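S.K.: Curious how this folds, go ahead:
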Amino acid sequence: MDVTSKPTCHIVRPNHAYDGKQGLSYFQGVAAETVGATGICMHLLTIPPGVRAKAHLHEAHETAIYVLSGEAHTWYGDRLEHHVIVHAGELFYIPAGVPHLPANLSSTPCTAIIARTDPNEQESVVLLPELDALVPA
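M.R.: Reported below is the predicted structural model:
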């Protein structure tokens, strides 16, 4: 193996955003697309006040979320029958394949760090439009 093909360390400055399939804008982070990650994706998300995502799941990948500021309401389960409010300083785990829909119902932004076991930013996102109407807008 020559030096040019050997993995190396990277700094990622989250100053570029991209629109996710889920209907939210994510700040670019650690991913296959940015640093060649092979087992993890981690990025920064700010949900503006009154904004919610589309119902979705990540097929075969776990998600871990750390809320830095604000709070996020999340409905989850096969029919989005469960509800939790994740506050600043709390972590939230979503197993692979679990439908969920996050929203910011407050008057202030909610910012979180999100990590998934899928190294690709959007590859494992599966939209579930049939569940969107189950959570009041």
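S.K.: Please count neighbours and contacts with C-alpha atoms only from this point.
M.R.: OK.
S.K.: can you give me the helices for this protein?
M.R.: Remark: helices of the chain, listed N- to C-terminal, are 32-35, 129-132; assignment by DSSP state H.
S.K.: Buried ones in the last one, by neighbour count?
M.R.: For helix 129-132, the buried set under the neighbour-count rule, 16 or more other Cα atoms under 10 Å, comprises 131, 132.
S.K.: which residues does the closest residue in space to residue 83 that isn't next to it in sequence bridge with?
M.R.: Leaving aside its sequence neighbours, residue 83 sits nearest to residue 75 (Cα to Cα, 6 or more residues apart in numbering; 4.4 Å). According to DSSP bridges, residue 83, residue 101 are recorded as the beta-bridge partners of residue 75.
S.K.: going forward, begin numbering at 276 instead of 1
M.R.: Fine by me, first position is 276 from now on; the one you just mentioned is residue 350.
S.K.: Please tell me the pLDDT value assigned to residue 350.
M.R.: Each residue has a pLDDT score; the one for residue 350 is 98.
S.K.: Grab the most central residue of this protein for me.
M.R.: Using Cα atoms, centre = their mean, the residue of the chain that lies closest to the mean C-alpha position is residue 389, 5.0 Å off.
S.K.: Determine which of the helices of the chain shows the lowest mean per-residue pLDDT.
M.R.: Set side by side, the helices of the chain differ in mean pLDDT, and helix 307-310 is lowest with a mean of 92.
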